[in-house]
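J.: here's my sequence, what's the structure:
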Amino acid sequence: DATSLFVNNITCFVWRELVSNSELLLSFICPYYLFFLHIADYLVEEAIESGADVLVTSGAVQSNHCRLTASAAAREGMECYIILEERIPGSYDPSAGGNNYAFSLLGAKQIHAPLGGVGPIQDDLIAKLKEEGKKPYVIPGGGSNQLGAVGYVRAAAELIEQSEILKDEAGESNKPGLFWDAIVTCSGSGGTHTGLLTGLRAAGVDTPVFGISVRFDADQQGDRIRQQVQACIDKYFSDFDTVADGIDDDVLIIDKHVGPGYSLPTDEMAESIQSFARLESIILDPVYTGKGAAGFLSLARSGKFDQEQRLLFIHTGGAPSLYHYQTLLSSKK
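T.: This next block holds a predicted model:
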C-alpha cells in the first residue's frame, strides 16, 4: 500500500504492508510489517525444512526483529530464545513495556548480553540446546544474511510491479525507471537496504536508494552494506549481467540522523513521528522508522529534488516499541 504526502510541494510516498498473518496479535496496533513478510518468512521456512524445533536470534533490547521472530516461533510451535544486546548502558529492563512485554507474551526466553557479547553467549546456548537433543536454528540479527536479504529482493520486485501500475494510471508508461525518483529506507543491520538495492539493480533499475543509518557512521555502514550486497550477488545473482561489475558506488548512506547514538532520541525523529501520525495516521517507531523518516523529510526539504519528482519511504514497522519510549518522546515535543 502506498500513501502520499507533500513536502515542499514534492510528492512523498510511504510504502507499507497493511496486515501480517504472522502477528495478528499486534496488528491492530501497527499493521505495517514489511519485515516479516519480506525477510523472516524465508528464514523461518528454511528452519522448518531443516527440522529445527528452536529459533535463536539476537538484537537490541527493544528489537522489532526479535519480537517478530518470537511471533513466528509461536505460530509454528517452536521454542524461541532471544539474546538481547545492551547497546546503551542501563537500557535493558526485562520488565519493560513495548517489545519486551511482547517477548514474554509470545513465550520467548530472554537472555541479556553486554555490548559485543552476543557471540559467546549464542555459542554456549547452541551447544546446550544440542546437548538436550534439540535442533536450534540461528537467525542472525535483523535476519540480515543472504537469504534474509532475498526477502527484500522480492520487495523490490513488488515495487517494480506497483510502479508500472502507477505509471500507467498517471499516463507515464513511457517514463524510464520507476514511478518514484528516489527511495529512502532505514539502514541498520542491513537486510532491508541490501535486498532492495540488490533486487532493483539485478532488475536493471537504477533508481537511487538512500539508506538512513540508525547506528553507524556513513563509512562504517557503507562498508557493511557493500559487503552484504556483494555476498547476496555472489550467492544468488552471479549470472546477472546487470550486477556483474558490482554496485559499490550505488550504496548511499546518510548518517546525520543517528544523533547521540543508537536508539537515543533526536528532535528531528520526534518531529517526524508526530508529523506522520497527525498528518497521515501512520505510526513510526523511535529507533528505526522515526529516524528513517527524519532522513526522508530532510531529503525532501534539501532542494535536491524538484517539484516534478517523487520520493518513496519504505516503512518497515516497529510501532510496539513506541510505548516503551513514550516518556523520552514526550520530552522532545
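J.: the helices in the protein, which residues?
T.: Secondary structure of the chain by DSSP state H: the helices cover 24-27, 34-35, 41-49, 64-76, 99-105, 118-131, 146-169, 191-202, 218-236, 267-280, 289-301, 326-330.
J.: taking those together, which one is wrapped up most tightly?
T.: helix 191-202 (a mean of 27; mean count of other CB atoms under 10 Å). All C-beta atoms are positioned from the backbone trio N, CA, C, and that covers glycine.
J.: rounded mean pLDDT for it, please.
T.: Average pLDDT, helix 191-202: 96.
J.: elements contacting that helix?
T.: helix 146-169, strand 182-187, strand 209-213, helix 218-236 (3 or more CB pairs under 8 Å, 6 or more residues apart in numbering; DSSP states H and E).
J.: gap between Ala40 and Tyr236?
T.: 18 Å (CB to CB, to the nearest Å).
J.: and Gly133, how many neighbours?
T.: By other CB atoms under 10 Å, the residues close to Gly133 number 7.
J.: and the pLDDT for the closest residue to Ser189 other than its chain neighbours?
T.: In space, Ser189 comes closest to Gly142 once its chain neighbours are excluded; the distance is 2.7 Å by CB to CB, 6 or more residues apart in numbering. Per-residue pLDDT puts Gly142 at 89.
J.: Gly142 contacts Ser187, doesn't it?
T.: No. Applying CB atoms under 8 Å, one finds Gly142 not in contact with Ser187, separated by 10.6 Å.
J.: please verify my assumption that Leu312 contacts Ile183.
T.: Yes. Leu312 lies in contact with Ile183 (CB under 8 Å); the separation is 4.9 Å.
J.: which residues are in contact with each of those two?
T.: Residues touching both Leu312 and Ile183 (CB atoms under 8 Å, 6 or more residues apart in numbering) are Leu159.
J.: residue contacts, Leu312?
T.: Ala2, Cys12, Phe13, Val14, Trp15, Leu159, Trp180, Ala182, Ile183, Val184.
J.: what about the last one, neighbour count?
T.: Number of residues near Val184 (other CB under 10 Å) recorded here: 27.
J.: next one: it from Asn145, what distance?
T.: Distance from Val184 to Asn145, by CB to CB: 23 Å.
J.: sorry, back to before: would JSON lines of the helices of the chain with distance to Asp249 be doable?
T.: Converted to JSON lines, these look like this (distance: least, CB to CB, whole Å):
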{"stretch": "helix 24-27", "distance to Asp249": "39"}
{"stretch": "helix 34-35", "distance to Asp249": "26"}
{"stretch": "helix 41-49", "distance to Asp249": "28"}
{"stretch": "helix 64-76", "distance to Asp249": "29"}
{"stretch": "helix 99-105", "distance to Asp249": "36"}
{"stretch": "helix 118-131", "distance to Asp249": "32"}
{"stretch": "helix 146-169", "distance to Asp249": "18"}
{"stretch": "helix 191-202", "distance to Asp249": "11"}
{"stretch": "helix 218-236", "distance to Asp249": "10"}
{"stretch": "helix 267-280", "distance to Asp249": "28"}
{"stretch": "helix 289-301", "distance to Asp249": "19"}
{"stretch": "helix 326-330", "distance to Asp249": "37"}
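J.: nearest to Val258, of those?
T.: For the helices of the chain, proximity to Val258 was assessed by CB to CB; helix 289-301 is nearest, at 7.2 Å.
J.: by contact count, what packs against the closest one?
T.: strand 2-7, strand 10-15, strand 182-187, strand 209-213, strand 252-254, helix 267-280, strand 310-314.
J.: right, so of the helices and strands packed on helix 191-202, which gets closest to Glu268?
T.: That would be strand 209-213 among the helices and strands packed on helix 191-202, by CB to CB, at 10.8 Å.
J.: in its sheet, what does that closest one sit against?
T.: strand 182-187 (parallel), strand 252-254 (parallel) (DSSP bridges).
J.: residues making contact with that strand?
T.: 182-188, 193, 196-197, 200, 221, 225, 250-255, 257-258, 291-292, 294-296, 299.
J.: go with 6 Å
T.: 183-184, 186-187, 193, 196-197, 221, 252-255, 257-258, 292, 295 (CB atoms under 6 Å, 6 or more residues apart in numbering).
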